[in-house]
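> with the sequence up front, the predicted model follows.
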Amino acid sequence: MIAPSGRQFEITSGDQRATIVEVGGGIREYAVGDRQVLEPYPLERMCDGGHGAPLLPWPNRLRGGRYSFDGVDYRVELSEPARGNAIHGFMRWRSWSAAEHTPERVSMAATLHPMPGYPFALELSVAYELGEAGLTVSTTATNVGDAACPYGAGQHPYLSPGEGTVDGCVLELPARTRILTDEASATRSGSEPVEGTQFDFRRARTIGAASVDAAFTDLEREDSGRAVTRLTGTDGGCVALWVDESHGFLQLFTGDSLAPSRRRTGLAVEPMTCAANAFQSGDGLIRLEPGDSLTTRWGVELL
């Protein structure tokens, strides 16, 4: 039987193990010993809720599937028709190949050929590597076409609470601003400081019954330039996810709209280089000229 997520590529380092998949090029599982670091999904099931998938060439939503670039109007297929959006780019259900696979590292590669609504060409790779600092993910996009193109990168990992749900977990999120969204389309309508609101997790506190599906920005960074989100489970295990300076946004999702068996069993913390609807707003949007190559990095570890 072929797994719904295609071929499985395992990497290990000491007691760490991760499995990367052919379909979508994402992470199906990452654990240290018996403790899950990222919430997995079963081998016999399709990826749901974007679990572990790279979001390319844009993360989050594009309202109406429409945008303009260099004076030309484009429209892409609506992959979230109920809200009238295109969501999470084009690569989640495509096959990726392992361009390199060693015991501790695998690099997944795919080509995004010109298509209606996005007539640009990108060579894409996502490299996963295990080491002393946990799992490091490096995403590279190269414009191999003859025209400049709009680009954004993201990924959709779910941090594992260990046992139970995220309700009992303690969250530390280094973000000063929450992006507000329009209820109908779930795309940006404004922003507000988190100070004084239920969304201020700059000082670690319990998530409780809070329902969160929002993007955050104005990230507070360490001297290294990294912004670090920490989720501590009731078992005392702390999962830390860091993003480099290329990532100015983090989308948090407590999973309330997922199937009952998956609801609130993991906290999505999605690194994003641009905001939702960036192809229209330009908020964090990257312009890749012909021949340009860009690598962005994030990582996760069990402390």
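Here it is on my side, so go on.
> quick check: bridge partners of Pro193?
Thr177 (DSSP bridges).
> got a list of what it touches?
Contact analysis of Pro193 by C-beta atoms under 8 Å, 6 or more residues apart in numbering lists Arg176, Thr177, Arg178. Quick note: C-beta positions are derived from backbone N, CA and C, even for glycine.
> what's near enough to touch the closest residue to Thr254 other than its chain neighbours?
With C-beta to C-beta, 6 or more residues apart in numbering as the criterion, Thr254 has its nearest non-adjacent residue at 4.9 Å, and that residue is Val212. Counting by C-beta under 8 Å, 6+ apart, Val212 makes contact with Phe199, Leu252, Phe253, Thr254.
> circling back to that earlier point, who wins on neighbours among the contacts of Pro193?
Most neighbours among the contacts of Pro193, by other C-beta atoms under 10 Å: Arg178, with 23 neighbours.
> my read: it touches Ala215, true?
Yes. Counting by C-beta atoms under 8 Å, Arg178 touches Ala215, with 7.5 Å between them.
> just give me the neighbour total for Ala215.
By other C-beta under 10 Å, 23 other residues sit near Ala215.
> that one: which element?
strand 213-219 (DSSP states H and E).
> now do that strand: which elements does it pack against?
On a contact count with 3 or more C-beta pairs under 8 Å, 6 or more residues apart in numbering; DSSP states H and E, strand 213-219 meets strand 175-181, strand 249-253.
> try 10 Å this time
Contacts defined by 3 or more C-beta pairs under 10 Å, 6 or more residues apart in numbering; DSSP states H and E place strand 213-219 against strand 175-181, strand 188-193, strand 227-232, strand 249-253, strand 267-272.
> give me the mean pLDDT for the longest one.
Mean pLDDT, strand 175-181: 91.
> now the last one
When pLDDT is averaged along strand 267-272, the result is 96.
> for stretch 143-155, buried residues please.
For stretch 143-155, the buried set under the neighbour-count rule, 16 or more other C-beta atoms under 10 Å, comprises Asn143, Val144, Gly145, Cys149, Pro150, Tyr151, Gly152, Ala153, Gly154, Gln155.
> could you do stretch 78-98 as well?
By neighbour count with 16+ other C-beta under 10 Å, stretch 78-98 contains the buried residues 78-79, 83-92, 96.
> could you dump the residues you listed to TSV with pLDDT and distance to Ala53?
Formatted as TSV, the buried residues of stretch 78-98 follow (pLDDT from 0 to 100; distance: C-beta to C-beta, whole Å):
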residue	pLDDT	distance to Ala53
Leu78	95	19
Ser79	91	13
Arg83	89	19
Gly84	92	22
Asn85	93	17
Ala86	94	15
Ile87	95	11
His88	95	7
Gly89	96	9
Phe90	97	11
Met91	97	8
Arg92	95	5
Trp96	98	10
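> max pairwise distance over these: which two?
Between any two of the buried residues of stretch 78-98, the greatest separation by C-beta to C-beta is 28.6 Å, found for Gly84 and Trp96.
> for Glu129, what are its contacts?
11, 13, 18, 102, 104-107, 135-138, 299 (C-beta atoms under 10 Å, 6 or more residues apart in numbering).
> next one: Gly237
Val32, Arg35, Gln36, Val37, Ser160, Pro161, Gly162, Glu163, Cys169, Leu231, Leu302, Leu303.
> starting at the chain centroid, how far to the helix or strand hosting Ala110?
Using DSSP H and E, Ala110 falls within strand 105-112. Remark: strand 105-112 is offset 16 Å from the chain centroid, using C-alpha atoms, centre = their mean, to the nearest Å.
> please apply the same query to stretch 98-109.
Put simply, stretch 98-109 sits 19 Å off its chain's centre (C-alpha atoms, centre = their mean).
> over to stretch 31-47?
16 Å.
> buried residues, it. List them.
Going by neighbour count (16+ other C-beta under 10 Å), the buried part of stretch 31-47 is Ala31, Val32, Gln36, Val37, Leu38, Glu39, Pro40, Tyr41, Cys47.
> buried sites along the strand holding Ala215?
Neighbour-count burial for strand 213-219 flags Ala214, Ala215, Phe216, Thr217, Leu219 (criterion: 16+ other C-beta under 10 Å).
> what inclination does that strand have with respect to strand 175-181?
140 degrees (axes from the mean of the first three to the mean of the last three C-alpha atoms, to 10 degrees).
> partner strands of strand 213-219, with direction?
When pairing is defined by DSSP bridges, strand 213-219 lines up against strand 175-181 (antiparallel), strand 249-253 (antiparallel).
> how far out from the middle of the chain is the shortest one?
With C-alpha atoms, centre = their mean as the basis, the distance from the averaged C-alpha position of strand 249-253 to the chain average is 8 Å.
> again with stretch 128-141
Centre-to-centre, stretch 128-141 and its host chain are 14 Å apart (C-alpha atoms, centre = their mean).
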